[in-house]
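**Student:** Below are the sequence and a predicted model for it; my questions follow.
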Amino acid sequence: MKGKLIKSLFSSGLQAVSVQVLGVIFLGIVAYYLSDEEFGIISWANALSMFITTIIGFGLEQVVVRRIAASSSSNWAAAAFLFHVFIGSLISITIVSIFADNYSGSDEAISYLPLFYVAQSVILLIVPFKQFLNAKHIFTPYGVIAIISNILKIAVAFWLVGRGLLTVNIVAVIFICASLFEFIFLLIYILAKTDFSFRFKIQAYKKLIKEATPQYLSAVFDTTLSRIDWILLGIIGVSYASTGAYSFAYRAYELARLPIVIIAPVILNIFANILAKDTHLSDEKKDIVNDIFRVEAFIAVLIPLVFSIIWAPALDSIPNFADKYGSKNEVEFVILSACIPLHFFINLLWTLSFSARKYKKITTITIITASSNIVLNLALIPFYSGKGAAIAYLLTTLIQVSLYYKLVKDYIISIRVKPLLIFLLIAGIIYFLASGFEMHVAIKVSTAVLV
């Protein structure tokens, strides 16, 4: 059992490294050689594209994983999901293209939107295959394909930079080619190595849509939580440069959340099986959940502490970054990094709630928090730009964790939060002490980790 768990964590980590780490390296190259205005346009177009594809996805992604993980006779769900996103992508690409043709004259960023949306649409087509494999704990194939794809992206970016050809349009084309590469090779693997069936049954599809309907608003509003700040910064912010600075800090924040991405699919499968028949946990299983949380809490606090200490010194030492990022968006990053421990906790609480099939309550929580996030962003961005977006995200995260904690406590388990609170207090004291003393950053980090 332990060996299987370690293998799943490693394979899931392979996907996370390929998508998150290598993806951030590619975007780091883009941010380094393009202006913060151009990087802001790329971030805004990607964020809006992701939001639209989430609407198209109809919340089917997690439902498909839960169905296939819980029953070997539910493979049909992946085929139904593939049919859904294929038709949805064709229709939405047409709508986005018409919109861009009519409104691109008033905003330069809109003219780039169709290209970035095509890339996101292809990525959406990959999701049914990826979730089919993930539900069966087959994480490695897509991880390998994505690693190769992202390495090629990085290599092409350097080649283009050497010839002075890197532009916003070219970045969009690279995204499209990379997503097509992943789709084609994952399809080849699916056809050659699995029992995936492309047979589409309308009744089965209706059944899947009915099950996903309570989750639909949750999925849409969940994406709103992670990307509406980017979108609103591009619309009501000072400039796309502010979007670029904030999105750069947010990308680093997402990188710091990498352990959540690695753990999440594995923990979801475990709890889906544990809670498949009974949502009431035994005392032994409750102890396991609390042990998992205690370890997560330690990691979740240590990671943002280290990142926050090295953020400004590291980026300020890089010439092309010094004037765009580093000290310029340090406040945004520190505020965002404070959300990481809370999101570790939210991930555990959400997984328990989802595995226990509390779909409607999850949807309610997500709608409340996302609506709060929109209101807070609208109130704070006009006055504080990127800092306002970061504060809005932190306040929203506090609301979200409170609501999920109450849900899990009422229906599943009372998780002991004392370890997280103690770690947060210690980390906060360490950070402010480290900020107040002039010493080499390596000494600061070593001391922080030791304490």
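**Tutor:** Looks like it came in fine.

**Student:** The helix or strand containing residue 379: how far from the chain's middle?
**Tutor:** Per DSSP states H and E: residue 379 is located in helix 359-411. Between the centre of helix 359-411 and the centre of its chain there are 16 Å (C-alpha atoms, centre = their mean, to the nearest Å).

**Student:** Give the other helices and strands that that helix contacts.
**Tutor:** helix 202-236, helix 240-256, helix 330-337, helix 340-355 (3 or more C-beta pairs under 8 Å, 6 or more residues apart in numbering; DSSP states H and E). In short, each C-beta sits where N, CA and C put it, glycine included.

**Student:** now those in TSV, with mean pLDDT and mean neighbour count?
**Tutor:** Listed next are the helices and strands packed on helix 359-411 as TSV, based on pLDDT from 0 to 100; neighbours: other C-beta atoms under 10 Å:
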stretch	mean pLDDT	mean neighbour count
helix 202-236	79	19
helix 240-256	90	24
helix 330-337	94	23
helix 340-355	84	22
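
**Student:** Look through every helix and strand of this structure and give the one with the lowest mean pLDDT.
**Tutor:** Every helix and strand in the chain was compared by mean pLDDT, DSSP states H and E; the lowest is helix 2-16, with a mean of 51.

**Student:** Which element is encountered next along the chain beyond it?
**Tutor:** Taking DSSP H and E, what comes next after helix 2-16 is helix 22-33.

**Student:** residues of that following helix that come out buried?
**Tutor:** Neighbour-count burial for helix 22-33 flags 22, 23, 24, 25, 26, 27, 28, 29, 30, 31, 32, 33 (criterion: 16 or more other C-beta atoms under 10 Å).

**Student:** how near is residue 172 to residue 315?
**Tutor:** 26 Å (C-beta to C-beta, to the nearest Å).

**Student:** Oh, that last question was meant for residue 379, not what I typed.
**Tutor:** Residue 379 is 29 Å from residue 315, by C-beta to C-beta.

**Student:** Compare these two (neighbour count), which wins?
**Tutor:** residue 315 (22 against 13; other C-beta atoms under 10 Å).

**Student:** Tell me which helix or strand comes right after the helix holding residue 379.
**Tutor:** Next along the chain from helix 359-411, counting by DSSP H and E, comes helix 418-436.

**Student:** That next one: how far from the chain's middle?
**Tutor:** 26 Å.

**Student:** ok so, going back, I'd like the buried residues of helix 22-33 laid out as CSV, including pLDDT and distance to residue 360.
**Tutor:** Shown next, in CSV, are those (pLDDT from 0 to 100; distance: C-beta to C-beta, whole Å):
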residue, pLDDT, distance to residue 360
22, 85, 38
23, 86, 34
24, 86, 35
25, 90, 40
26, 94, 39
27, 92, 37
28, 92, 41
29, 94, 44
30, 95, 41
31, 94, 41
32, 94, 46
33, 94, 47
